[in-house]
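**Q** What follows is a predicted protein model with its sequence.
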Amino acid sequence: MPNNMESDLNRFRKIVKGKIKQELRRFVANGELIGRQGKKSISIPLPRIDLPHFQFGNGEGGGVGQGQGEVGDEVGQGQGQPQPGKGEAGEGEGQHTLEVDVSLEELASLLSEELELPNIENKGKKNVENKKYKYTGIVNRGPESLRHFKKTYREALKRTISIGKYDPANPMVIPIKEDKRYRSYKIYNEPVANAVIVYMMDVSGSMGDEQKEIVRLTSFWLDTWLQSQYAGLERRYIIHDATAREVDQNTFYRTRESGGTLISSAYRMALKILEDHYPPQEWNVYLFHFSDGDNWSGNDTNECLKMLESDIMPRANLFCYGQVESRYGSGQFLRDLQKHFGENNPKLTLAQIKDRDAIMDALKTFLGKGK
Amino acid sequence: MYVNTQLPPELADAVSHLEEVARNAGLDFFPTIFELVDYNQLAEIASYGGFPTRYPHWKFGMEFDKISKSYEYGLSIIYEMVINNNPCYAYLLRANSMVYQKTVIAHVFGHCDFFKNNYYFSKTNRKMLDQMANHATFVRRAINEIGQDTVESFLDVCLSLENLIDITTPYRAPITATVKDGLGADQALHVSKIETKGYLDSYVNPKDFLAAQKDRMEKEQRRTKNFPENPERDVLKFLIDHAPVSSWQKKILEIIRDESYYFAPQGQTKILNEGWATYWHSMMMTRLSPLHESEIVDYCDHYAGVVAAAPGSINPYKIGVELLRHIERRWDRGQFGLEYLNCDDPKKRAEWDTKAGLGRKKIFEVRRFHNDLTFIDEFLDEDFCHQHKMFLYDYDRKTGKQIISSREFKPVKQKLLQQLTNFGQPIISVVDGNFKNRGELLLRHEHNGEDLKQDFTMETLRNIHKVWARPVYLETVIEEVKRRVSFDGKNHDIEKI
């Protein structure tokens, strides 16, 4: 058996992976993946690596076929029949895309390679774990309710054959006590959730669909990354205009409100959630706030800054503020934050997300600190 | 080589029995070695084009990925594989039932006979198994000495040019270089006069005629100074001889060229070869060594799958075997010759039977002398075209669908022949290796109605540039306008000519 295939295959996979990496930026920007978020892995249609040749253009060329149909009818797409192939290299053009399954974890690691993200320093109770029972094993003792029918009869059959009593004409097999097999469980430790993300989004009238889409994409990638870093992850969603309310994920992405903007309302709500459910000693807390930065009044901004400084920041690993650019330009809030906290506050990151292409850079800014 | 599997006795019996049946039927083949492999191994061998030892390259990995995935998802199965070598090697899939094994064995003998006797295979290297292993050794050594990335990138380049060969080369007498050196330039330009008496000379050999002759010869000489003298369709050969590449690169180009020539006959005889093998496996399974009645339904099921016609394409197994049977029937009934061909009465034609009985002899002749192109050209007639419901389809821009555009015999056949010309590859030749007198390379595409795939053309030019190291040009036709596409190392350009 030559082992060459393995190395050729690895080589191919490596090239494909490189291809994914190059394509990643495109994926990030156009959000192809989000629709499939529910699944554990994602099929990414990959271009088969085609070596270019001088060859005839395809698609529109037409050809010769065989079968029923009048002139003017559409050519039916033939179901692929299994056919004996033959050793002829270069035969079989076939499909031009190849689906490569990439799990979310792999995606996250590709992302981190691409963005050179540091791993996050965990804090809180590392060792808090839940016990979970899974029925995976087989033993020969146990309650009848867990008896494994098939395995039991297989044992009985084996025994009957080995003592020479098996009669193919009258294949009767009766299990005795020694034949019986039972399912058994194993205990798995499952780490409990120890990180929480609070997403806050400004849904005031000035936030258009495009702005929300940007928020949506950014949050997806933040989620993917943090998911890979924590065994358990909880998410809370807050939307706000002049008042704030907590919503589920779905609503978070779809709501369109109108009205003014009071950012402090969202912070107040976030603080309440944190105080009620997530003691900072046990939880890694992440807050992401997206807005166009057009706060209603200077007074409110001051209140926000105060709240951030005295209550929210001490509890959080990271507070990120992403300012998207709305139709009316971008607001003042980013600058206010910058002025108040300075450039190098360890717990605060600020990013301006002008358009979709800026998402990658925003992610890098948000997560680059490894907090 | 794979572990030479000892075939289980019943399979070994089947092989020796069917071999005898095949030989008695007149098939003639190299010794054939069968090996029993599991699907993974088969997928592996198939990915390497049938050869267990090939040079390392990711494209084989890609092929393997595709084949094994198609198998996992039940999209397609390879039942059998056989390689043109002496001895022939054939692989049987362990998981196949006995009926399939027998069918496959019979099918394989058909292929082996074809490999040995078809003219287009007559120039292939029958020790290709060893040759491929030698190639692999060279590439591995190059990788060790020069580094994988460098060698692999160069292989990518070469593989992108692999179809630029002249498939007629092996069947022509080698052109010996005409002796020109040693003759002085004056002598070469000497215009011969007709000998005559002095006073007649100016009449028999008028001055202006001599001048015209001299002029013509000069032109001719200038023309022969073209480089290459005549357009060279073996672009790879031209590059090997004249491109400024290092010795290992040259060797790799030679390897790719060598393997292309080896595989070319298979591309040229797909329909005939598969038709021939299918004809014989069907003949053996149902007439010469009939299967047991308990097996026949399984066999028919399998056969139906093999010759199933997919609407959007031509199944070579089906067209091949049906056309061979068509020929056999015609020659059995004497439906050939001038008298038959001139007969216009369809009823008379249909009932034409001189009891000539030459069918079997004729198809043996066909398998010896024909390739797909000549096979279709000579034998696919109007009756066959209608009988097998062949049609021409085209892309309809309005609906974006493939639409049946004609059931007429002529256009169908024409399209089919066009697709088979030059084993389905565009005809490209080197016209000038010293284009613009600046050592640039000019290629020409002989346009036969279908344009080249444009993005690929650009990329391929880029690859040729990597070998030639000077600007490269390709004359072709894009949307009915003659154009010259070029790449100068930095930029692509398309100009009208």
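**A** Yes, it's here.

**Q** For residue 56, the count of nearby residues, please.
**A** No chain in the question, so chain A it is. Neighbour count of residue A:56, defined by other C-beta atoms under 10 Å in any protein chain shown: 18. Bear in mind the C-beta positions are built from the backbone N, C-alpha and C, glycine included.

**Q** wait, chain B
**A** Residue B:56: 19 neighbours (other C-beta under 10 Å).

**Q** so how far is residue B:128 from it?
**A** 18 Å (C-beta to C-beta, to the nearest Å).

**Q** Repeat that for residue A:318.
**A** 63 Å.

**Q** Next: residue A:196.
**A** 65 Å.

**Q** In terms of packing, which of the two has more residues around it?
**A** Neighbours of residue A:196 and residue B:128, each counted by other C-beta under 10 Å, are more numerous for residue A:196; the result is 23 against 20.

**Q** thought that one was touching residue A:279?
**A** No - using C-beta atoms under 8 Å, residue A:196 and residue A:279 do not qualify as a contacting pair, with a distance of 10.8 Å.

**Q** Walk me through the domains of the chain.
**A** Just so you know, I chose chain A. Per the record, chain A has its domains at A:1-48+A:99-116, A:129-189, A:195-367, by automatic domain parsing.

**Q** Can you look at chain B instead?
**A** B:9-118+B:269-297, B:311-420.

**Q** Any part of the shortest one near chain A?
**A** It stands for domain B:311-420. Yes - interface with chain A: domain B:311-420 contributes B:311-315, B:317-319, B:388-395, B:397, B:399, B:401-407, B:412, B:415-416, B:419 (C-beta under 8 Å from any C-beta of the partner chain).

**Q** and that domain, how far from the chain's centre?
**A** Offset of domain B:311-420 from its chain centre (C-alpha atoms, centre = their mean, to the nearest Å): 21 Å.

**Q** same deal with the first one?
**A** Its chain's average C-alpha position is 20 Å from that of domain B:9-118+B:269-297, according to C-alpha atoms, centre = their mean.

**Q** so does that domain get close to chain A?
**A** Yes - residues of domain B:9-118+B:269-297 contacting chain A under C-beta under 8 Å from any C-beta: B:41, B:44-50, B:52-54, B:56-62, B:64-66, B:75-83, B:104, B:107, B:111, B:270, B:273-274.

**Q** And these, which of them are buried?
**A** By neighbour count, with 16 or more other C-beta atoms under 10 Å in any protein chain shown, those hold B:41, B:44-50, B:52-54, B:56-62, B:64-66, B:76-83, B:104, B:107, B:111, B:270, B:273-274 as buried.

**Q** Looking at those, which are in helices?
**A** B:41, B:44-47, B:58-62, B:64-66, B:104, B:107, B:111, B:270, B:273-274 (DSSP state H).

**Q** and the one residue in the stretch 201-350 of chain B that gets nearest to chain A, how many neighbours?
**A** When you check the stretch 201-350 of chain B against chain A by C-beta to the nearest C-beta, the closest residue turns out to be residue B:310, at 2.8 Å. Residues lying near residue B:310 (other C-beta under 10 Å) number 19.

**Q** confidence score at it?
**A** Residue B:310 carries a pLDDT score of 70 in this model.

**Q** got it, and residue A:48?
**A** 65.

**Q** what's the answer for residue B:267, then?
**A** So residue B:267 comes in at 91 (pLDDT).

**Q** now the helices for the stretch 251-371 of chain A?
**A** A:263-277, A:298-307, A:313-315, A:333-341, A:359-367 (DSSP state H, counting those that start in this stretch).

**Q** Return the most buried member of those.
**A** helix A:359-367 (a mean of 21; mean count of other C-beta atoms under 10 Å in any protein chain shown).

**Q** Can you spell out which helices and strands pack onto that helix?
**A** Packing contacts for helix A:359-367, counted by 3 or more C-beta pairs under 8 Å, 6 or more residues apart in numbering or on different chains; DSSP states H and E, involve helix A:4-30, helix A:104-115, helix A:209-229, strand A:318-324, strand A:348-353.

**Q** Now do it, average pLDDT.
**A** On average, helix A:359-367 scores 79.

**Q** Same question for stretch B:318-333.
**A** 94.

**Q** ok, back up a step: please check the residues of domain B:311-420 next to chain A and keep the buried ones.
**A** By 16+ other C-beta under 10 Å, those give B:311-312, B:314-315, B:317-319, B:388, B:390-395, B:402-407, B:412, B:415-416, B:419 as buried.

**Q** Leaving out chain neighbours, which residue sits closest to the spatially most central residue of chain A?
**A** Nearest to the geometric centre of chain A sits residue A:224, at 4.2 Å (C-alpha atoms, centre = their mean). Spatial nearest neighbour of residue A:224, excluding adjacent residues (C-beta to C-beta, 6 or more residues apart in numbering or on different chains): residue A:108 at 5.1 Å.

**Q** Give me the pLDDT value at that neighbour.
**A** 71.

**Q** list the contacts for it?
**A** A:224, A:225, A:227, A:228 (C-beta atoms under 8 Å, 6 or more residues apart in numbering or on different chains).

**Q** next one: residue B:31
**A** Contacts of residue B:31 by C-beta under 8 Å, 6+ apart are B:86, B:87, B:88.

**Q** tell me the most buried of the domains of chain A?
**A** domain A:195-367 (a mean of 19).

**Q** Ramachandran angles for residue 162?
**A** In the absence of a named chain, this looks at chain A. phi -70, psi -30 (degrees, to the nearest 10).

**Q** Wait, chain B was what I had in mind.
**A** Dihedral angles (degrees, to the nearest 10) for residue B:162: phi -60, psi -20.

**Q** ok, and the closest non-adjacent residue to residue B:326?
**A** That would be residue B:384: by C-beta to C-beta, 6+ apart, it lies 5.3 Å from residue B:326.

**Q** tell me what whichever helix or strand that neighbour is part of is packed against?
**A** According to DSSP states H and E, residue B:384 maps onto helix B:382-387. Other helices and strands packing on helix B:382-387, by 3+ C-beta pairs under 8 Å, 6+ apart, are helix B:316-332, helix B:409-420.

**Q** tell me what the helix or strand that the first one is followed by is packed against?
**A** As assigned by DSSP H and E, the chain's next helix or strand after helix B:316-332 is helix B:337-342. Identification of packing neighbours for helix B:337-342 by 3+ C-beta pairs under 8 Å, 6+ apart yields no helix or strand.
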